[in-house]
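> A structural model of the following input is requested.
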Amino acid sequence: MKFKAIVLASVLVSASAMANSDIKNEIGISAAPGEKVLINGQTFFKEKEESFSLLRFLGFDNPVEVYAGDALTNETGIETHKASGVILVRASQDQAKALAKEYGLEVVSQAGSISVLKASTSTELLNLASQLEAKGVTLQVELVNSAEQPE
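Below is the predicted model of the structure:
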């Protein structure tokens, strides 16, 4: 009986210690599988291609690409988001129309200095966002949470 009590006590102590520590990183458990991608200053994970790639194995993999419709998971691995292809930009109406024409985007709506632009499903969103930011445009790539409706 004493042996069972000692084992039970040690299991409880170990479980609480593991819950309060960052043990998952120490033993190599990742919270969310996939390729790490930074969107709007937040870290997400895109499901990784399962096939073997020698370049990926050697660390020469291409950067992660995100297209409209791609599913992304947050760092906890619990919430799933979907890239909608919508980009909010802070620009004058004329500048937003010029950007839309230059990059093949559709102007969905405009209100004051905020414009809603829609990219096609063949447009790589991270590259587009980088190009717009290089021009000094403030933007946000819309990610739709599967549990919430976009605002």
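> Give me the below-cutoff pLDDT ranges for this structure.
The chain contains residues with pLDDT under 70 at 1-32, 49-61, 146, 148-151.
> So what sits opposite Thr138 in the bridge?
On the basis of DSSP bridges, Thr138 is bridged to Arg90.
> going forward, begin numbering at 22 instead of 1
Understood, numbering begins at 22; the last thing we discussed is Thr159.
> quick one, what contacts it?
By C-beta atoms under 8 Å, 6 or more residues apart in numbering, the contact set of Thr159 is 110-112. For glycine as for every other residue, the C-beta is placed from the backbone atoms N, C-alpha and C.
> Also Ala117?
Each residue near Ala117 by C-beta under 8 Å, 6+ apart is listed here: 110, 128, 131, 136, 138.
> in a strand, that's where it is, yeah?
No: counting by DSSP: H, G, I helix; E, B strand; the rest coil, Ala117 is not found in a strand; it is helix.
> how about the strands in this structure?
Along the chain, the stretches classed as strands by DSSP state E are 56-60, 63-67, 92-95, 101-111, 127-132, 135-139, 159-166.
> For the second one, which strands pair with it and how are they oriented?
Meaning strand 63-67. Partners of strand 63-67 in its sheet, by DSSP bridges: strand 56-60 (antiparallel), strand 92-95 (antiparallel).
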